[in-house]
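In: fold the stuff below for me.
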Amino acid sequence: MTERKYWNEEIETMAPAALGRLEAGMLAEQMAYLHHASPYFRAKFDDAGVGPGDIRDQHDLARLPFTEKSEFAAAQAAGSLIGPHQCAAFDDIVRIVGTGGTTGQPLRMGMTARDVADYNEMGARALWTAGCRPGDLVVSCLNYSLYAGGVSDHMTFETMGAAILPYGIGNSKRLLAMLADMDADLALYATPSYAIRLAELAAEEGIDPASLGLAKGFFSGEAGMQVAGYRARIEQLWGLSARDIYGTSEGGVHSAECEARNGLHYTSGGLVAVELIEPESGDPLAITDGVVGEMVYTSLKRRACPLLRMRSHDLVRLYTEPCACGRSGFRFETLGRSDDMFIVKGVNVFPLGVQAVLAGLQPRLTGEFEIILDRPPPIDYEPRLRVEVARHVDPAEHPALGAEVANAVRTTLGFSPAVEFADQGDIASAHKTRRVLRPYTKEQ
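Out: Model prediction:
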């Protein structure tokens, strides 16, 4: 069974100009709704000297200010359940989920029944793109405790038509025993680092991960799947085909790789409008092949907690050349988060770059790492780079390994780290693995 049953399939192959006209009408309705329903959003219009009728298409959005997560975090820290961006009456809200917060605390976001349905449709489109199909049995190992990627992403699989086993995080050895007992074609939904950690635990139990019958892997929640060596390690350990799925906690799962694996297709036309901006100036950038910028999101239909020019701080490179799969929208690759980027003596460093270097040093290293910035900028010191060594490697017997890692990073990325070693399994976890730690800040 491969028929699409649950969402609007025409939008995936709609010509960009036709999609733009469709979204312009939806945007006009959404702007009127925000202006009417929320004093908070109305003030944004007023401060910019703009009325809702002035936003006639996506290009006009640049007349409005950006929205940052910190605006909502401050309100929730002061005691507000949701915050000033709540537009729907609480009687109409059926779900509250948590998203990543700027202070280490999750941000609460409400959803109406219509918002839930739209979230499910958006995720279903991405999952179909990634090769998920009715008949797949997906073991979900994301966090079901408040996190939007738990219950909400779970529902996108059901909307797509797949069967899902909501395992969650923790009890990994019990999970391995259950997988060994199941006679079914299985798929895994997890963070990439957890897939590696679970395979390591399987090996400790004398289980070959590739024997457990996982044919497909859908990975989200962390960067890294676009690092060839990292992806290859996951596929080799499990004997599966790994696809990258991408989204934000606030906006939902909105992009995924197709079978060509030549970038992430943006598949959420008609639900969320995307702008690309220059991250320093905030100036809009045209959607052209090869352009690099930060993605900014505006909801086209959301009622409870809409997004209006919400900055993602995710830097991407876009591709507009046609894909063999026939989807007409743009594709992109992630380059990193602007708030994860740090500058060492004038050199811009992204964790994804470090990850790519370490992937080339397998199998002595596992590829898992964390960067520790002990003092606030300027970073005129060598940041600590803590890397996992493979179980069979004793750093004491390889005294040159640290210098080799530091030299590889310096040669490729242009900065010198202070290398430290960690045992295999110490860094990767069932949760999102944090790559940049700043212990000098309160939220750390």
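In: could you measure from the residue sitting furthest away from the middle of the chain over to L175?
Out: Largest separation from the mean C-alpha position in the chain: E397, at 38.4 Å (Cα atoms, centre = their mean). When distance is defined by Cβ to Cβ, to the nearest Å, E397 is 34 Å away from L175. Every residue, glycine included, has its C-beta placed from N, CA and C.
In: tell me the secondary structure for G336?
Out: Under the three-state scheme (DSSP: H, G, I helix; E, B strand; the rest coil), G336 adopts strand.
In: quick one: low-confidence parts of the stretch 1-150 of the chain?
Out: By pLDDT under 70, the low-scoring segments of the stretch 1-150 of the chain are 1-9, 100-104.
In: all strands for it, in order.
Out: Taking DSSP state E, counting those that start in this stretch as the criterion, the stretch 1-150 of the chain contains strands spanning 93-99, 107-112, 137-140.
In: and the angle from the longest one to strand 107-112?
Out: Orientation of strand 93-99 against strand 107-112 (axes from the mean of the first three to the mean of the last three Cα atoms, to 10 degrees) gives an angle of 150 degrees.
In: can you list the buried residues in the helix ranked longest in the chain?
Out: Longest helix in the chain by number of residues, with DSSP state H as the criterion: helix 16-37. Of the residues in helix 16-37, L19, G20, E23, A24, L27, A28, Q30, M31, Y33, L34, H35, A37 count as buried by neighbour count, 16 or more other Cβ atoms under 10 Å.
In: over to stretch 187-204?
Out: Residues of stretch 187-204 classed as buried: 187-202 (neighbour count, 16+ other Cβ under 10 Å).
In: ditto for stretch 168-188
Out: Neighbour-count burial for stretch 168-188, with 16+ other Cβ under 10 Å as criterion, is recorded at G168, I169, S172, L175, L176, L179, L186, A187, L188.
In: quick check: mean pLDDT of it?
Out: Per-residue pLDDT over stretch 168-188 has a mean of 91.
In: report the backbone C-alpha coordinates of that stretch in CSV.
Out: Extracted C-alpha coordinates of stretch 168-188, given in CSV (Å, rounded to 0.1, in the frame of the first residue of the first chain):
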residue,chain,number,x,y,z
GLY,A,168,10.5,7.2,24.4
ILE,A,169,13.9,7.6,26.0
GLY,A,170,15.7,5.5,28.6
ASN,A,171,15.7,1.8,29.4
SER,A,172,17.9,1.2,26.3
LYS,A,173,18.8,-2.4,27.2
ARG,A,174,15.2,-3.3,27.6
LEU,A,175,14.5,-1.7,24.2
LEU,A,176,17.3,-3.9,22.6
ALA,A,177,15.8,-7.0,24.1
MET,A,178,12.3,-6.1,22.8
LEU,A,179,13.7,-5.4,19.3
ALA,A,180,15.5,-8.8,19.3
ASP,A,181,12.1,-10.4,20.1
MET,A,182,10.1,-8.6,17.3
ASP,A,183,9.6,-10.3,14.0
ALA,A,184,8.8,-7.3,11.9
ASP,A,185,10.3,-4.8,9.5
LEU,A,186,11.2,-2.0,11.8
ALA,A,187,12.2,1.6,11.4
LEU,A,188,13.8,3.9,14.0
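In: how about the helices of the stretch 1-150 of the chain, start to end?
Out: Secondary structure of the stretch 1-150 of the chain by DSSP state H, counting those that start in this stretch: the helices cover 16-37, 39-48, 69-77, 113-129.
In: ditto for the stretch 301-444 of the chain
Out: Secondary structure of the stretch 301-444 of the chain, counting by DSSP H, counting those that start in this stretch: helices at 351-359, 401-413.
In: out of the ones you listed, deepest packed?
Out: When neighbours are counted by mean count of other Cβ atoms under 10 Å, the highest per-stretch mean among the helices of the stretch 301-444 of the chain falls to helix 351-359, a mean of 21.
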